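# predicted model and sequence follow; I will ask about them next.
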Amino acid sequence: MTLLKWALIFLVVLIIAGLLGFTGISAASADIARFLFYVFVVIFLVLLILGLTIFRA
């Protein structure tokens with residue numbers, strides 16, 4: 001949940017920076033938020049697959 005929280009924080013920073021016209025900060029925040037979101041999704045899918053297959057008791 002920490003990765004998802006950070007991705008959402010960077011998304012908020014992106015929106016605020018975009019509204020204020022700071023395009024460089026906005027683009028960097030968007031890249032970081034996108035990267036953290038994808039890492040979260042990959043970790044979630046790996047743990048989901050492991051939970052459904054290996055750790056089934």
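Received it, and whenever you're ready, just let me know what you need. Numbers count the residues shown, from 1 in each chain.

# what's the helix or strand residue 16 falls within in contact with?
Following DSSP states H and E, one finds residue 16 within helix 2-20. The contact list for helix 2-20 (C-beta atoms under 8 Å, 6 or more residues apart in numbering) reads 23, 25-26, 29-30, 32-34, 36-37, 39-40, 43. All C-beta atoms are positioned from the backbone trio N, CA, C, and that covers glycine.

# please redo it, this time with the cut-off set to 7 Å
Helix 2-20 is contacted from outside by 25, 26, 29, 30, 32, 33, 36, 37, 39, 40, using C-beta atoms under 7 Å, 6 or more residues apart in numbering.

# and the residue positioned nearest the centre of the chain, how far is that from residue 54?
The centroid of the chain falls nearest to residue 37 when counting by C-alpha atoms, centre = their mean (2.1 Å). Remark: distance between residue 37 and residue 54 (C-beta to C-beta, to the nearest Å) = 26 Å.

# with residue 17 instead?
42 Å.

# same thing with residue 35?
For residue 35, the distance to residue 54 equals 28 Å [C-beta to C-beta].

# more neighbours, these two?
Shown here are residue 35 and residue 54; by other C-beta atoms under 10 Å, residue 35 has more neighbours (13 against 7).

# and the strand or helix carrying the more buried one, what's its mean pLDDT?
Element membership of residue 35, judged by DSSP H and E, is helix 23-52. In this model, helix 23-52 has a mean pLDDT of 85.

# which strands or helices does it pack on?
Here helix 23-52 touches helix 2-20, going by 3 or more C-beta pairs under 7 Å, 6 or more residues apart in numbering; DSSP states H and E.
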